[in-house]
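sharing a model prediction with you, sequence too.
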Amino acid sequence: MPRAPTHPPLPAEALQVVDIFCDSLWLEAGLSANSLTSYRRDLTALSHWLIKHSSSLRAATEADLNRYIAHLAQGHKQSSQARAISTLRRYFRWSVARGERADDPTRALVMPIRAGRLPKTLSESHVEALLQAPDTQTPRGLRDLAMLEVLYASGLRVSELVNLRLTDLNRDMGIVRVMGKGDKERLVPIGESAMDAVQRYMENARLELSGGQPADVIFISQKTKPLTRQGFWQIIKRYGVKVGIPRERLSPHVLRHAFATHLINHGADLRVVQLLLGHASITTTQIYTHVARERLKSLHEKHHPRG
């Protein structure tokens, strides 16, 4: 398991507490290496601070944690504070569940109020223009259209898209099986338009791009090599420039945001969007309700006589 060397070594007893918790997360929750590194880093930082103030993770009180959060507020971004609080909550709830503590000192901790930074997204007309951009008279154009259609129809992360394998696609049902963060599997429908684009690519372009060689992944660059995240990023930027979308407004992740925002704009239930996106928490998905509200506000300001 990865360890972040950003702090001096902890005393053996404190290190053991952090190790046991991170091992538990790895075994029970299947978190990614990056997530485990973040948890370890946050708990290590807290442990050092508690030791300096004559306490420990196992003995920390609500007052200790409030002082620690106040300490973080002096030199850390609100996003870093929020992540640290999330880590503390998970650790102490885990500790209570194991019977190591009778109380949860994080119950009253309050997340910092974060500035309303909304994700970039695209209008439906911009998405439609983007989907019209590939030259479907060429094998690469057919592949690119299929990837764009699937990305917008499913809200996949770009890493999930480029790693899709033939066995992940159910053509009869029009769904893909996705292995998301933390090796969490989900089934996502991709709709008729995306399925048609994939079918055309599979029948008319994939064999030529592969040079007749077998390949496991669905979307390939050349000679059976899978497209990379960076390669697809360049593809989508190129099409954005072609249809007049500013480069700074477009990336593969923006299509994921557009997928979620447009679903909610058309009345989709937030829980459904959460499942489709593969978010562990509904809180993460709620940002798209703010995006939808901001869109309504801008439309009102633009078109209402007293906007």
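Received it, and whenever you're ready, just let me know what you need.

when you work out contacts or count neighbours from here on, use the C-alpha atoms and nothing else.
OK.

so how many other residues sit close to Gly174?
In terms of burial, Gly174 registers 15 neighbours under the definition other Cα atoms under 10 Å.

check what pLDDT it gets.
What the model reports for Gly174 is a pLDDT of 89.

and if you look at Lys237?
Reported pLDDT at Lys237 in the predicted model: 90.

before we move on, what about Glu208?
88.

what strand or helix carries it?
Assigned by DSSP states H and E, Glu208 belongs to helix 206-210.

and that helix, what does it pack onto?
The contact analysis (3 or more Cα pairs under 8 Å, 6 or more residues apart in numbering; DSSP states H and E) places helix 206-210 against helix 139-154.

in the helix it packs on, what's buried?
The neighbour-count criterion (16 or more other Cα atoms under 10 Å) identifies 139-154 as the buried residues of helix 139-154.

alpha carbons only: can I get the helix or strand hosting Phe232 in CSV?
Under the criterion of DSSP H and E, Phe232 resides in helix 229-242. Listed next in CSV are the C-alpha coordinates belonging to helix 229-242 (Å, rounded to 0.1, in the frame of the first residue of the first chain):
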residue,chain,number,x,y,z
ARG,A,229,-6.6,9.6,-21.9
GLN,A,230,-4.2,12.3,-23.3
GLY,A,231,-4.8,11.1,-26.9
PHE,A,232,-8.6,11.5,-26.5
TRP,A,233,-8.1,14.8,-24.8
GLN,A,234,-6.4,16.1,-28.0
ILE,A,235,-9.1,14.6,-30.2
ILE,A,236,-11.9,16.4,-28.3
LYS,A,237,-10.0,19.7,-28.3
ARG,A,238,-9.5,19.5,-32.0
TYR,A,239,-13.2,19.0,-32.6
GLY,A,240,-14.0,21.8,-30.2
VAL,A,241,-11.8,24.3,-32.2
LYS,A,242,-13.5,23.1,-35.4
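
right, and the helix or strand after it?
Read in the C-terminal direction, the helix or strand following helix 229-242 is helix 252-265, with elements assigned using DSSP H and E.

now that following helix and helix 139-154, what's the angle there?
Using axes from the mean of the first three to the mean of the last three Cα atoms, to 10 degrees, the direction of helix 252-265 lies 40 degrees away from that of helix 139-154.

touching helix 252-265 from outside, list them.
Defining contact as Cα atoms under 8 Å, 6 or more residues apart in numbering, one finds that helix 252-265 is touched by 119-124, 127, 151-158, 232-233, 236, 270, 273, 277, 288-289, 291-292.

other SSEs contacting the helix holding Phe232?
Partner elements for helix 229-242 (3+ Cα pairs under 8 Å, 6+ apart): helix 158-162, helix 252-265.

buried sites along that helix?
The neighbour-count check on helix 229-242 (16+ other Cα under 10 Å) flags 229, 232, 235-240 as buried.

so can I have TSV of these showing distance to Tyr201?
Compiled in TSV, these are given as follows (distance: Cα to Cα, whole Å):
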residue	distance to Tyr201
Arg229	19
Phe232	16
Ile235	16
Ile236	17
Lys237	21
Arg238	20
Tyr239	18
Gly240	21
